[in-house]
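Enquirer: need a structure here:
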Amino acid sequence: MSRKLLILNLALAAAVVYAGFQIRDLAQAGKAREAAALNRKVPPVPPAPFSSAPVPPPVLPSEYADIAQKMLFDKSRDSTVVIETPPAPPPKPVPPLPLYHGQMNLGDGVLVILSESASAPHKGIHVGETIGAFQLVEATRQELTFAWEDKVIRKNVAELRDSGGSGGAPPAAAPEQPRAVAAPVPAAKTNAGPGVETGAGIKACSPNDGYPDGAVVDGYRKVAVNSPFGVMCRWEAAR
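Expert: Presented below is the predicted three-dimensional model:
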């Protein structure tokens, strides 16, 4: 048994020695190739044949006349583009203002009596409400302020009163002969009932209204209020 092991060990040792010699030979051969490559001289490449460029012909004025005529920096060539905008349309005319017929305050704010025209019915308008194309934005005893589109219009109440004419100067009247004038006869009280609608469920009292305070007619109750200007009445929707 020991003899076989001895033979095996000798064989392995021989193989190791042989492999070592082969590795040494390969290393030496590699170093030889490296040294040969480093020491090899590369012959220089001959340069390409040189040929001189052709001489350009002289420049003549006739050859750059087209460039001068199309010069981008010439005064006649302005880089600013003028954009023509159409003229702004004329401002929209303001429609006729409402006519003023008076105002009152019954405890719920100023109620202004207005009409869109002389023939239109009277309406009671509070601040913030609209009549026609206008919105009432402020109301005092001397002045009313309306809003129309993006404009604010202030007018004295005297300018908004209905003059009863067409706007032109009235013709001169012929002098009249003095005549006797009879004393006015007071109008008799009548049961006329609720009058013109003023808005918010309220109707005005008709002239010479003979109904007593608290009377209910056509679904409306008469309310009379004492004020510095006398007795003021209105018809409210009966609940």
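Enquirer: report pLDDT for the residue nearest to Lys92 when sequence neighbours are not counted.
Expert: Counting by C-beta to C-beta, 6 or more residues apart in numbering, Lys92 lies nearest to Glu149, which is 7.5 Å off, once chain neighbours are set aside. The way it works is simple: take the backbone N, C-alpha and C, and place the C-beta from them, glycine included. We have a pLDDT of 87 for Glu149.
Enquirer: isn't Glu149 right next to Pro95, touching?
Expert: No - taking contacts as C-beta atoms under 8 Å, Glu149 lies outside contact range of Pro95: 10.2 Å.
Enquirer: ok, those two, which is more surrounded?
Expert: The neighbour count for Glu149 versus Pro95, taken as other C-beta atoms under 10 Å, is higher for Pro95 (11 against 8).
Enquirer: and that one, what helix or strand is that in?
Expert: Remark: Pro95 resides in no helix or strand, with elements defined by DSSP states H and E.
Enquirer: which SS class is Asn9?
Expert: helix (DSSP: H, G, I helix; E, B strand; the rest coil).
Enquirer: try Pro121
Expert: Taking three-state DSSP, the label given to Pro121 is coil.
Enquirer: what's around it, how many residues?
Expert: The local packing of Pro121 (other C-beta under 10 Å) involves 10 other residues.
Enquirer: which phi and psi does the closest residue to it other than its chain neighbours have?
Expert: What sits nearest to Pro121 in space, not counting adjacent residues and going by C-beta to C-beta, 6+ apart, is Val196, at 6.1 Å. The phi/psi pair for Val196 (degrees, to the nearest 10) reads phi -70, psi 140.
Enquirer: Val196: neighbouring residues, count only.
Expert: Taking other C-beta under 10 Å as the criterion, the count of residues near Val196 is 15.
Enquirer: for it, which residues are in contact?
Expert: Val196 sits next to Pro121, His122, Lys203, Ala204 when contact means C-beta atoms under 8 Å, 6 or more residues apart in numbering.
Enquirer: which stretch of helix or strand covers the third one?
Expert: So that's Lys203. Taking DSSP H and E as the definition, Lys203 sits inside strand 202-205.
Enquirer: what residues does that strand touch?
Expert: Outside of strand 202-205, the residues within contact range by C-beta under 8 Å, 6+ apart are 111, 113, 122, 124, 194-198, 220, 222, 233-237.
Enquirer: where neighbours are concerned, which of those has the most?
Expert: Trp235 (27 neighbours).
Enquirer: how near is it to His126?
Expert: As judged by C-beta to C-beta, to the nearest Å, Trp235 and His126 stand 17 Å apart.
Enquirer: got a pLDDT number for Asp218?
Expert: With respect to pLDDT, Asp218 has a value of 77.
Enquirer: so what's the backbone phi/psi at it?
Expert: Dihedral pair for Asp218: phi 50, psi 40, per degrees, to the nearest 10.
Enquirer: that one: how many residues sit nearby?
Expert: Asp218 has 9 neighbours, counted by other C-beta under 10 Å.
Enquirer: got it, and Leu114?
Expert: Neighbour number of Leu114 under other C-beta under 10 Å is 26.
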